[in-house]
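>>> what follows is a protein structure lacking sequence information:
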């Protein structure tokens, strides 16, 4: 399910990448993740979820984020691994229910060579996680470093068309 | 390790909560999480990490976030479970290395009754994750709903001191 390795030179603003598959999040996985990381009543089973503030048995937001990361890994399959410094803004729109099948859409918003690290480029993208009905369950924007195929090579785009 | 259940009425802007314990993230856990959710070379072992862009074997950021959620659960132990709609801005300051012991500091930035849900209050907090050296490894701000002890009860703070 993994695509070819991508380098900084392979991405450009405006590009849209879609995961080749979806990942089903089942009830057992929701409970296993919650038991380890987020044992709030909404994530521990149908019964405990009933009296929770959320009121419905659903995956921890961190579980949704982690499954999303897996789909990003397969979709924007960065050579040497990307390097993320954070997340701009993350929204959980609706609960991920047992049996939901998640997929991602990655929209590249910006891509430029790094000034401080000549071996890398700086790439900003928005990642939207969808369920099997095409409904948004999560969205965030992030900026990562991606390695350049030819580290330190002068980038003509920095100097304009005359370079 | 779990504290008493907290309701909206128990929190106020300016409050600072610290986790009662730290959680050690060992190398096996880093690899197990990565294998499932984020199999980038930096998270899959010392050897693959060497040639990664990060250059060091360390936990996936989503792993750090998930361990942080566990510490939040134990520290801001919300009755009926909190309900988060997202994260304002999340920063990963430095890698979480095998054997690091993580703890959290939660600073309540704002707390007000919800206008749309009379059973809840709206609480904004900043969560800082520290390693055993007291260095910041992660920080984010989030807004959650917390249930009120007396749902729908009129809140004097909405009407000022004369109420």
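Arrived safely, thanks for sending. Because the structure is a prediction, the values reported are computed rather than measured. Residues are numbered from 1 along each chain as shown, chains lettered A, B, ... in the order given.

>>> kindly provide the distance from residue A:128 to residue A:92.
Note on residue A:128: its distance to residue A:92, by C-beta to C-beta, to the nearest Å, is 12 Å. Every C-beta, even on glycine, is put in place using the N, C-alpha and C of the backbone.

>>> ok, those two, which is more surrounded?
residue A:92 (23 against 18; other C-beta atoms under 10 Å in any protein chain shown).

>>> ok, what's across the strand from that one?
Beta bridges link residue A:92 to residue A:138 when assigned by DSSP bridges.

>>> name the strands paired with the strand of greatest length in chain A and say parallel or antiparallel.
Secondary structure of chain A read by DSSP state E shows that its longest strand is strand A:100-113. Strand pairing for strand A:100-113, determined by DSSP bridges: strand A:16-18 (antiparallel), strand A:23-25 (antiparallel), strand A:120-130 (antiparallel).

>>> export those to CSV and tack on mean pLDDT?
What follows is the strands paired with strand A:100-113, written out as CSV (pLDDT from 0 to 100):
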stretch, mean pLDDT
strand A:16-18, 97
strand A:23-25, 98
strand A:120-130, 97
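
>>> could I get those strands as TSV with distance to residue B:51?
As requested, those are arranged in TSV below (distance: least, C-beta to C-beta, whole Å):
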stretch	distance to residue B:51
strand A:16-18	24
strand A:23-25	28
strand A:120-130	14
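
>>> out of those, which is the most enclosed?
Most buried of these, by mean neighbour count (mean count of other C-beta atoms under 10 Å in any protein chain shown): strand A:120-130, with a mean of 21.

>>> ok now that strand, how far from the chain's centre?
When C-alpha coordinates are averaged (C-alpha atoms, centre = their mean, to the nearest Å), strand A:120-130 and its chain have centres 7 Å apart.

>>> regarding chain A, what is its longest helix?
The helix that spans the most residues within chain A, counting by DSSP state H, is helix A:61-75.

>>> tell me the mean pLDDT over that one?
Taken as a whole, helix A:61-75 has an average pLDDT of 97.
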